[in-house]
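S.K.: okay, sequence plus prediction incoming.
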4 protein chains.
Amino acid sequence: MPKLGMEPIRRDALVKATIAEIGAAGSLDVTVSQIAQRAGMSSGLAHHYFGGKNQIFEAAMRHILREYANEVRIALAQAGSHNDRAEAIIRANFAPSCFAPATISAWMTFYVRAQNDAGALRLLRLYQRRLRSNLTHALRGRTVDPIAAAETLAALIDGFYIRAALAKPDGAEDAVLMTVTMLHVLTRDAQ
Amino acid sequence: MPKLGMEPIRRDALVKATIAEIGAAGSLDVTVSQIAQRAGMSSGLAHHYFGGKNQIFEAAMRHILREYANEVRIALAQAGSHNDRAEAIIRANFAPSCFAPATISAWMTFYVRAQNDAGALRLLRLYQRRLRSNLTHALRGRTVDPIAAAETLAALIDGFYIRAALAKPDGAEDAVLMTVTMLHVLTRDAQ
Amino acid sequence: MPKLGMEPIRRDALVKATIAEIGAAGSLDVTVSQIAQRAGMSSGLAHHYFGGKNQIFEAAMRHILREYANEVRIALAQAGSHNDRAEAIIRANFAPSCFAPATISAWMTFYVRAQNDAGALRLLRLYQRRLRSNLTHALRGRTVDPIAAAETLAALIDGFYIRAALAKPDGAEDAVLMTVTMLHVLTRDAQ
Amino acid sequence: MPKLGMEPIRRDALVKATIAEIGAAGSLDVTVSQIAQRAGMSSGLAHHYFGGKNQIFEAAMRHILREYANEVRIALAQAGSHNDRAEAIIRANFAPSCFAPATISAWMTFYVRAQNDAGALRLLRLYQRRLRSNLTHALRGRTVDPIAAAETLAALIDGFYIRAALAKPDGAEDAVLMTVTMLHVLTRDAQ
DNA sequence: AATGAATGAGGATTCATTCAT
DNA sequence: GATGAATGAATCCTCATTCAT
């Protein structure tokens, strides 16, 4: 019997290598060979496990979103009071794992890709829905229009995120600070 | 008036064709031949006038930014009072010429491209600086920290912009509304 | 009786799967994996038993020729008189086992392959020799030139066979009829 | 202005190179690069003019059929009386241009290909229809059932053709002789 | 015996770019 | 200026084959 159970290991290595390569390249213009080499295997094996470049990309995207969802879940679990919950979500969005240059690069490229790839679009819409939903819940009772406030905060988060893509990679703290400030402004009227 | 050479006409046609093709493709994966054909000429001529694909892209980007700058200039010229100026800038950012699907597509792709292409990065940084600067000036005297408020509004604008890239193409009005609302919130304390 | 090893069973399964796959594909463009999967085993095992793709093909060809030879032998055994023998050979050539779409496909592809593969060429030449020889014997005494008549009938059989490859798969009866008619024409002068 | 009118020259060179390569290889397993090189150009140009390998093959097939049709047309033009016409058709089928090894190889491979490729199938059906139709016309009045006789002769021609694919390349004369003999046998009853 | 992992060569196809006319 | 011919590098993907277990 051959080495068994390599599939999850290989897939994981490929997904991580994909994000790293996209980060290094700053775009989706990475070859399967580059990805496979970084993951320590042949390009043929990458195709064997994923079927094609598209599926590799989609898996990478899914990975990023899963990691992001984890970050949010942990943050919410640690947050206790209502007041902390919205801030926790904001902080999670700028957590190091989400704000790593490679992740930002990959995220941005997937945004562009979503305009052609139905799978990517679906995943990004899912992300947006979750973020809005999480924020809306966290803001309930703290402002007169939690939905609008959530929408605004979500846009603010994305805006700082996209701006970070062009800036030096240490802007996370500033972004958190300003977004949290906005959070306070938006909830002041309900206090 | 002397008869003009074809150069400016050709270049202009190519730039517009480039944006249209990027918009249609939803990515930078457009060929020089496609662009040239849409512009009604041969691919060889496109190279003749621009030297290469990169330069065509850069010219297209420059064109978008120029158009955007125009939009802002006109809006500011029409706005009279201080109070109107910030709102005018916001409205300009969501003007139809900036919010056309093709333009959004092109804009997003250039954002990604900026991570590799020094020229693109420089141009986008220029845009960001101008937007911040314009907003800061418009907010002077209306809030205690015009710089921070400008930063926040700029991020908000970009955030709504990027979100629009994934949504149906009629979200401009909502985006304007919410951003202007935030503008009011941010300047309320100074009133 | 000792328990038989798996080898003959596996080889037989692979040979049959090969013919089925070639029939389904309509060409030799079938992968070892497809064949192995249809035969219910891994591709590695197929190599283990045959050594390579070429040998698998050659075994499949040999199988078809053996089946064909069987068909002829049975037909000749059942035929009694001289007059029946030639007709029996003709009928055997259009027997269902030889005229199945998959078999026709495989046969045709092997014909093409014979132009490169010495093994295939040898096998097909063997088939041709046997058919001519069988017919010549069957025609002895029934026509002035049994060799020429055999040659003609053999070509006629192959001609109808190749034509059947392009037609709907129920042309066997027509082919038999016309070939037998020719048989009668060719032997009439000796009657 | 570039060299004009290269397209027909290039296409013709590619078609001829394709037949030559198929003949040399004895199968369709020839690469576009091989074909292009033999035609004296780059593989890219071959794609430029034909769009893909399939289209190159189809053009080659069309070329063979056109050449064959020419051969038949010329032969019929030269033939005067009714009696000569059928024989002329038979001779045309074994003319050197049709019976060249490369042509036979190509023809056989296209037969196989027809089982998958609708275009190839259509072309071969066209050939079959024409041959039958030509023969039927030529046999009218010379036998009681011209249709059946035509069918038989057509199969005989194909049969000798396919047999020639496996034999030494000088069997044309024998094939003509035997087919013409059959022609006489088939028309004797009407004399 | 049997599996599935793993490789890597090879091929179709695309496309930016160059060039002769 | 303008064209389209022409190139060839680059890339995705397939698959026969080998190998460790």
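M.R.: In hand now; what should we look at? Residues are numbered from 1 along each chain as shown, chains lettered A, B, ... in the order given.

S.K.: what about chain A, any weak spots by pLDDT?
M.R.: Applying pLDDT under 70 to chain A flags the ranges A:1-2, A:168-170, A:189-191.

S.K.: so who does A:Gln34 touch?
M.R.: A:Glu21 (C-beta atoms under 8 Å, 6 or more residues apart in numbering or on different chains). Using the backbone N, CA and C atoms, a C-beta is placed for each residue, glycine as well.

S.K.: which SS state does it fall under?
M.R.: What DSSP: H, G, I helix; E, B strand; the rest coil gives for A:Gln34 is helix.

S.K.: pretty sure A:Gln40 sits against A:Asp12.
M.R.: Check again: residue A:40 is Gly, not Gln. No: judged on C-beta atoms under 8 Å, A:Gly40 makes no contact with A:Asp12 at a distance of 11.9 Å.

S.K.: list the buried residues for the longest helix belonging to chain A?
M.R.: What stands out as the longest helix in chain A, according to DSSP state H, is helix A:53-78. Buried residues in helix A:53-78, defined by neighbour count with 16 or more other C-beta atoms under 10 Å in any protein chain shown: A:53, A:56-61, A:63-65, A:68-69, A:71-72, A:75-76.

S.K.: name the helix or strand for A:Ile90, please.
M.R.: Counting by DSSP states H and E, the element that carries A:Ile90 is helix A:82-93.

S.K.: what is that helix packed up against?
M.R.: Packing contacts for helix A:82-93, counted by 3 or more C-beta pairs under 8 Å, 6 or more residues apart in numbering or on different chains; DSSP states H and E, involve helix A:53-78, helix A:118-139, helix A:146-164, helix A:172-188.

S.K.: got the angle for the third one vs helix A:82-93?
M.R.: Angular relation of helix A:146-164 and helix A:82-93 on a 0 to 180 degree scale: 30 degrees, by axes from the mean of the first three to the mean of the last three C-alpha atoms, to 10 degrees.

S.K.: just the angle for helix A:146-164 relative to helix A:172-188, thanks.
M.R.: Using the same axes, to 10 degrees: helix A:146-164 against helix A:172-188 is 160 degrees.

S.K.: just confirm A:Lys3 is within a helix.
M.R.: No: with three-state DSSP as the criterion, A:Lys3 is coil rather than part of a helix.

S.K.: neighbours of it, how many?
M.R.: The number of residues packed near A:Lys3 is 6, by other C-beta atoms under 10 Å in any protein chain shown.

S.K.: same check on A:Thr187?
M.R.: Neighbour tally, A:Thr187, other C-beta under 10 Å: 19.

S.K.: likewise A:Glu151?
M.R.: When neighbours are defined as other C-beta under 10 Å, A:Glu151 has 21 of them.

S.K.: contacting residues around it?
M.R.: For A:Glu151, counting by C-beta under 8 Å, 6+ apart, the contacting residues are A:132, B:178.

S.K.: for A:Glu58, same thing?
M.R.: A:117, A:119-120, A:123.

S.K.: spatially nearest residue to A:His47 (excluding sequence neighbours)?
M.R.: A:Val32 (6.9 Å; C-beta to C-beta, 6 or more residues apart in numbering or on different chains).

S.K.: quick one: that neighbour and A:Asn54 touch, right?
M.R.: No: between A:Val32 and A:Asn54 there is no contact under C-beta under 8 Å: 10.6 Å.

S.K.: up against DNA strand E, what does chain A have?
M.R.: Within reach of DNA strand E by C-beta under 7 Å from any atom of the strand, chain A has these residues: A:1-4, A:6-7, A:10, A:41-45, A:47-48.

S.K.: give me the buried subset of these.
M.R.: Here, 16+ other C-beta under 10 Å leaves A:10, A:41 buried among these.

S.K.: could you redo the residues of chain A next to DNA strand E as a markdown table and give each row secondary structure?
M.R.: Shown next, in a markdown table, are those (three-state DSSP):
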| residue | secondary structure |
| --- | --- |
| A:Met1 | coil |
| A:Pro2 | coil |
| A:Lys3 | coil |
| A:Leu4 | coil |
| A:Met6 | helix |
| A:Glu7 | helix |
| A:Arg10 | helix |
| A:Met41 | coil |
| A:Ser42 | coil |
| A:Ser43 | helix |
| A:Gly44 | helix |
| A:Leu45 | helix |
| A:His47 | helix |
| A:His48 | helix |
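
S.K.: now tabulate the residues of chain A next to DNA strand E in TSV and tack on distance to C:Met108.
M.R.: Putting the residues of chain A next to DNA strand E into TSV (distance: C-beta to C-beta, whole Å) gives the following:
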residue	distance to C:Met108
A:Met1	40
A:Pro2	38
A:Lys3	42
A:Leu4	42
A:Met6	41
A:Glu7	40
A:Arg10	41
A:Met41	40
A:Ser42	36
A:Ser43	36
A:Gly44	32
A:Leu45	36
A:His47	32
A:His48	33
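
S.K.: now for the residues of chain A next to DNA strand E: which two are most distant?
M.R.: A:Met1 and A:Ser43 (25.6 Å; C-beta to C-beta).
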